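Asker: sequence and predicted structure, then a few things I'm wondering about:
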Amino acid sequence: MMPWIITGILLFLFITYLLFVPLDIVVNIAKKQYFVRIWGLAKVALEGHEKEFLRIKLNTLFTRFYFYPLRKKEKEKEKKKKIEKSSGKKQNFRSNLKRGLQLLKSFKVKKLLLDIDTGNCIQNAKLYPAFAFLNHYVGTFQVNFEGRVNVVLHLQSRPIYIIKSFINN
């Protein structure tokens, strides 16, 4: 009886951990980092490859996997593609848009940096006052005249907030 109680408590603690663990989405163009991370469990990163255009790297607790999403499988090459007609159901665009916005609202912006050069000094000069205004309210916006383009976006949420956004919709 005692091992079942201990197993139940450990399972409850693990599920609680999964609900409240931070979920990070990071896009950093300068460092070429694009990943989704669940703290302590897994990290999924997009990265370039010499032979393939794109590869997905999955780091879990004890191991690492690589996936090549653009590579065709042998079975897919042999099969003939069948065109399936969509069913007569129309998705309600408005409700899908509302769900998407609720999902976006569940994320908090931890870091936002935009450092751009449009290549045109007149356009850069027009962006400067707008970026100066946005610096006070949203994130860090910079206009440079050196040809750099850098975007850093760090979003964070918790699975409980994401589930809550779907339930409240």
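Answerer: Thanks, I have it. Residues are numbered from 1 along each chain as shown.
Asker: list the helices and strands the helix or strand harbouring Tyr66 packs on?
Answerer: With elements delineated by DSSP states H and E, Tyr66 resides in strand 64-67, which encompasses its position. In terms of contacts (3 or more CB pairs under 8 Å, 6 or more residues apart in numbering; DSSP states H and E), strand 64-67 is packed against strand 55-59. Backbone N, C-alpha and C define where each C-beta goes, glycine included.
Asker: the strand holding Tyr66 - which strands sit beside it in the sheet, and in what orientation?
Answerer: For strand 64-67, the paired strands and their directions (DSSP bridges) read strand 55-59 (antiparallel).
Asker: report the buried residues of the strand it pairs with.
Answerer: Of the residues in strand 55-59, Arg55 count as buried by neighbour count, 16 or more other CB atoms under 10 Å.
Asker: pLDDT averaged over stretch 151-159, what's the number?
Answerer: Confidence over stretch 151-159, taken as the mean pLDDT, stands at 94.
Asker: what are the buried residues along it?
Answerer: Val152, Leu153, His154, Leu155, Gln156, Ser157, Arg158.
Asker: gap between it and the chain center?
Answerer: Distance of stretch 151-159 from its chain centroid, counting by CA atoms, centre = their mean, to the nearest Å, is 7 Å.
Asker: just stretch 33-47 next, same as before
Answerer: Remark: stretch 33-47 is offset 9 Å from the chain centroid, using CA atoms, centre = their mean.
Asker: now do the spatially most central residue of the chain against Leu103, distance only.
Answerer: In the chain, the C-alpha nearest the mean C-alpha coordinate belongs to Ile25, at 4.2 Å (CA atoms, centre = their mean). When distances are taken as CB to CB, to the nearest Å, Ile25 and Leu103 turn out to be 12 Å apart.
Asker: flag the shaky bits of this protein, pLDDT-wise.
Answerer: By pLDDT under 70, the low-scoring segments of the chain are 73-91, 169.
Asker: counting by contacts, list what the longest helix seen in it packs against.
Answerer: Among all segments of the chain classified by DSSP state H, the helix with the greatest residue count is helix 2-20. The helices and strands touching helix 2-20, judged by 3+ CB pairs under 8 Å, 6+ apart, are helix 159-167.
Asker: show the end-to-end separation of stretch 141-148, please.
Answerer: From the first residue to the last, stretch 141-148 extends over 13 Å; the measure is CA to CA, to the nearest Å.
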